[in-house]
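In: Give me coordinates for this.
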Amino acid sequence: MRGATSAKWAAAAVAVALAATACGGGDDGGDGDKGASKPQVTMYSGEPQHGLIPSNTYESEGTQVIQALFTGLVSYDAKTSEPQLAMAESIETEDSKKWTIKLKDGYTFHNGEKVTAKSYVDAWNWGANQENAQETNPLFAKIDGYKDLNPGEKKKPTAKTMKGLKVVDEKTFEVTLTDRFSQFKIMLGFNPFMPLPEAFFKDPKAFEEAPIGNGPFKMSGKFEHNKQIKTVLNKKHPDAGDYKIAGVTFKIFADLEAGYRELQDGNVDIMDTIPVSALETADRDLGERFIKGDEASVAYIGFDNKTLKATDADTRKAISMAIDRKTIAEKIYAGSRTPADDFVNSGVPGYREGNCDSCKYEPAEAKKLYGASKGLPGDKLTLAYNADGDHKQWIEAVGNQLEENLGINVTVKPFEQFQGILNDLGDKKYEGAFRMGWIQDYPSIENWLRPLFSEEAITNGSNYSGYINPQFEKLMDEADQSENEDEAMKKYQAADDVLVKDMPYIPIYNYSRVGAVSEELAPLVFDPSGEVDWKTVKPAS
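Out: As a prediction, the model looks like this:
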């Protein structure tokens, strides 16, 4: 992720709640359901942060729309997260450096244009060019020629295309990386690796208001900012017959509470999150309509670079040991969170239960360790959170626990939006600790390490602490270039162990995906990245 605006937990923009009717009528959405009326469903959403261009979409609000409008080379199993071929017929490599990708027949863009190898190559080259300032630009960094398109600030690219991308024929293209990277295939279902039609390059600004994808749903009209994004089923999609709905309208709300009231009133069909205030009673109030599942995301507390340098690892470990994660998970979140015990989410391949020893709640030991450590300057800590994200209760609980268990003074500082925290961190205006969250882009342990803690992620990612450790960098490079998955996993886990030793961030809890549906819908499935599996959405029987 790049710079200050790229965290997936960035706040939704303001909007007014809509009072439209949920589950409106729709036509039959596919050839396999002739004569049957399929409903147009509505889903709670926030305002996408950067419009609707795939390579500029990194946050959750925009991602849920992009994933409905586009079909990637791979998709991810809703239960196991394993990558499975989607638009790709095959993705092959002999050395994890040179990859050959062949496409399936039958896919067209929503404007009728055929999806070809060139559609992918042109899209990736555009997304990787620094002059286009795309949020996901760093995800192309391993492709040979990326540096030619990204020479740095105040410098002009020396090429328009990456030499590592080559169109072989209409259905085949080759990707050459700068080094071996065993995780490359896993990345290919994420937003920036989607194809783009020729219409995009003629007018990108117009495109982001009415994207033309190749996915199971297509736009109906334009993006109505702060109001809604309406999509309808793409009947020409190869999988159209598998969908039981006529389309999805993403209704944009100012806050979570307003969206939940609309769900209760029958004006919203799907919510992918529930307000903290409703968690304790949601199961009882909603019954089978309340949906709970695993989600590959973690909440952390981070430190700005000045605080990171002013403290030592023992100081940060003491802070971690003084936090009662179990009480936060059970009392504040009614069991919809679980205490974090690693930097990696518990559902990610490579996670090790109990790997973070200093994530255990040991207040007496914490106070001893803090007393023997470098400590915080003046024994004071500012703890920031975004007020629009339902974080006030747990952040205040952490502040109280630190004061009680360590004897320090904690000042809780709310920001209106998460973006404000990130902007102040980027401008070096904020000093102290801050709430941080991460939800995986793709199901690999690598995605939990490099974007948050690598040196390159200070300028092209989400390393907001400015953490640097050469040992971590070395292990990550060795893992990337490993010849097999087992060897790579051991190296990634060793890099994770470096983080446990240094504690640049403090893992607090693993999220669960808690959502709900209206009385008009049957229970559905959320995948581990928190996105709706639209094939599981259907009317209540």
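In: what about the longest helix in this structure?
Out: helix 485-502 (DSSP state H).
In: Quick one: mean pLDDT for it?
Out: The average pLDDT within helix 485-502 is 97.
In: what residues does that helix touch?
Out: 182-183, 313, 316, 342-344, 349-350, 352, 355-358, 445-446, 448-449, 453, 467, 469, 471-472, 475-476, 478-480, 482, 505 (Cβ atoms under 8 Å, 6 or more residues apart in numbering). For the C-beta atoms, the positions are set from N, CA and C on the backbone; glycine is no exception.
In: Could you chop the chain up by domain?
Out: 72-106+116-194, 296-512 (automatic domain parsing).
In: first to last residue in the longest one, what's the distance?
Out: This points to domain 296-512. Across its full length, domain 296-512 reaches 8 Å end to end, with Cα to Cα, to the nearest Å as the criterion.
In: roughly how far is that domain from the heart of the chain?
Out: Relative to its chain's centre, domain 296-512 lies at 17 Å (Cα atoms, centre = their mean, to the nearest Å).
In: Stretch 111-125 too?
Out: Distance, stretch centre to chain centre, for stretch 111-125: 24 Å (Cα atoms, centre = their mean).
In: start the count at 43, not 1, going forward
Out: Okay, using 43 as the starting number, the last item reads as stretch 153-167.
In: and that stretch, C-alpha only, in PDB?
Out: Taking C-alpha atoms only, stretch 153-167 is exported to PDB below (Å, rounded to 0.1, in the frame of the first residue of the first chain):
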ATOM      1  CA  ASN A 153     -19.600  -3.100 -23.500                       C
ATOM      2  CA  GLY A 154     -19.200  -6.200 -25.700                       C
ATOM      3  CA  GLU A 155     -15.400  -6.000 -26.200                       C
ATOM      4  CA  LYS A 156     -13.600  -9.300 -25.900                       C
ATOM      5  CA  VAL A 157     -11.200  -9.700 -23.000                       C
ATOM      6  CA  THR A 158      -7.800 -10.600 -24.300                       C
ATOM      7  CA  ALA A 159      -4.200 -10.900 -23.000                       C
ATOM      8  CA  LYS A 160      -3.700  -7.300 -24.100                       C
ATOM      9  CA  SER A 161      -6.500  -6.200 -21.800                       C
ATOM     10  CA  TYR A 162      -4.500  -7.500 -18.900                       C
ATOM     11  CA  VAL A 163      -1.100  -6.300 -20.000                       C
ATOM     12  CA  ASP A 164      -2.300  -2.700 -20.800                       C
ATOM     13  CA  ALA A 165      -4.100  -2.500 -17.500                       C
ATOM     14  CA  TRP A 166      -1.100  -3.600 -15.500                       C
ATOM     15  CA  ASN A 167       1.200  -1.200 -17.300                       C
END
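In: So which residues make contact with that stretch?
Out: Taking Cβ under 8 Å, 6+ apart as the rule, stretch 153-167 contacts 96-97, 115, 129, 143, 145, 149-151, 182, 185, 191, 202-204, 207-215, 234-243, 254, 256.
In: Okay, and which of the residues you listed map to helices?
Out: Filtering these for helices - DSSP H - leaves 191, 240-243.
In: Phi and psi next, for the residue minimising distance to the centre of the chain.
Out: By Cα atoms, centre = their mean, the chain has its centre lying nearest to Ile481, at 4.2 Å. Taking degrees, to the nearest 10, you get phi -120, psi 140 for the backbone angles of Ile481.
In: Not counting its neighbours along the chain, what's nearest it?
Out: Ser339 (3.7 Å; Cβ to Cβ, 6 or more residues apart in numbering).
In: Same check on Ile437?
Out: Spatially, and ignoring its direct neighbours in sequence, Ile437 is nearest to Tyr427 (4.3 Å; Cβ to Cβ, 6+ apart).
In: residue contacts, the one you found?
Out: By Cβ under 8 Å, 6+ apart, the neighbours of Tyr427 are 433-434, 437, 454-457, 463, 476-477.
In: tell me the mean pLDDT over the helix or strand hosting it?
Out: Per DSSP states H and E, Tyr427 falls inside strand 422-428. Per-residue pLDDT over strand 422-428 has a mean of 97.
In: Can you give me the buried ones in that strand?
Out: If you call a residue buried by 16 or more other Cβ atoms under 10 Å, then strand 422-428 has these buried ones: 423-428.
In: ditto for stretch 554-561
Out: 554-560.
In: Show me which positions of stretch 359-379 end up buried.
Out: 359-367, 370-371, 374-376, 378-379.
In: Out of those residues, list just those in helices.
Out: Per DSSP H, the buried residues of stretch 359-379 map to helices at 359-363, 367.
In: ranges for the strands of the stretch 93-242 of the chain?
Out: Counting by DSSP state E, counting those that start in this stretch, the stretch 93-242 of the chain has strands at residues 116-118, 125-127, 130-135, 140-145, 207-211, 214-218.
In: what lines up beside the first one in the sheet?
Out: So that's strand 116-118. Sheet pairing for strand 116-118, assigned by DSSP bridges, gives strand 125-127 (antiparallel).
In: sorry, back to before: I'd like the average pLDDT over the next helix-or-strand element following the longest helix of the chain.
Out: Proceeding N to C from helix 527-544, the next assigned helix or strand is strand 547-559, under DSSP H and E. What strand 547-559 shows for mean pLDDT is 95.
In: and strand 547-559, what does it pack onto?
Out: strand 312-313, helix 318-328, strand 332-345, helix 355-363, strand 379-381, strand 475-481 (3 or more Cβ pairs under 8 Å, 6 or more residues apart in numbering; DSSP states H and E).
In: buried sites along stretch 471-478?
Out: Buried, per 16+ other Cβ under 10 Å, within stretch 471-478: 472-478.
In: How about stretch 299-317?
Out: Quick answer for stretch 299-317 (16+ other Cβ under 10 Å): 300-302, 304-305, 309-317.
In: OK, contacts around Gln172?
Out: Gln172 is in contact with 179, 191-194, 199, counting by Cβ under 8 Å, 6+ apart.
In: follow-up on the earlier one: tell me the angle of the longest helix of the chain relative to helix 355-363?
Out: Interaxial angle of helix 527-544 relative to helix 355-363 (axes from the mean of the first three to the mean of the last three Cα atoms, to 10 degrees): 90 degrees.
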